[in-house]
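Colleague: just need the structure, nothing else, for what follows:
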Amino acid sequence: TMPKEPAVLRQNILDTTAAILACGIDPKKCFLFQQSLVPEHAELAWILGCLTNVPHLLRLPQWKMKRANQNSEGTVGLLTYPVLQAADILLYKSTHVPVGEDQVLHLELAQDTAQHFNKKYGEFFPVPKAILSEL
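Modeller: Reported below is the predicted structural model:
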């Protein structure tokens with residue numbers, strides 16, 4: 001949600017990939033890809049954004065906290081980031097999502113969005129359930 005220098009962004013992608021591999025993720029057993037190269041994430045985020053009301057997003061505590069850190073200004077990208085997260089989850093028809101306590105409300109937005117979409121257009125997205133870790 002914050003502009004980055006292209007060279008820094010490319011290095012961050014490589015560093016994150018290296019960290020994922022160093023943690024033991026085996027690319028022979030899972031899909032490892034650069035999300036920004038999959039246009040369907042942004043496309044679904046746009047569709048879901050057209051179904052999401054602004055007051056719901058304005059109530060999310062992460063918006064309030066990050067906006068406070070940006071001198072009371074917030075970007076549209078920051079406001080709509082939870083919709084992109086919902087698209088990330090729903091695009092793959094995820095049924096269970098590991099989340100930390102700080103992301104439960106964002107997952108609830110994904111759940112609400114899936115239910116709203118399904119009600120309007122027919123059963124399409126599973127309603128994802130949270131997997132909360134005790135760690």
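
Colleague: phi first, then psi, for the residue lying closest to V104 once chain neighbours are set aside.
Modeller: Distances taken as CB to CB, 6 or more residues apart in numbering put A130 closest to V104, at 6.1 Å, once the chain neighbours are dropped. To be clear about C-beta, it is placed using only N, CA and C from the backbone, and glycine gets the same treatment. Main-chain dihedrals, A130, degrees, to the nearest 10: phi -80, psi 140.

Colleague: can you point out the buried residues in the helix or strand of the chain with the lowest mean pLDDT?
Modeller: One helix or strand of the chain scores below all others by mean pLDDT, DSSP states H and E: helix 61-69, with a mean of 75. For helix 61-69, burial by neighbour count (16 or more other CB atoms under 10 Å) applies to W63, K66, R67.

Colleague: report all helices and strands that the next helix or strand along the chain from that helix contacts.
Modeller: Using DSSP states H and E, the helix or strand that follows helix 61-69 in sequence is helix 76-91. Packing contacts for helix 76-91, counted by 3 or more CB pairs under 8 Å, 6 or more residues apart in numbering; DSSP states H and E, involve helix 39-49, helix 54-58, helix 61-69, helix 104-121.
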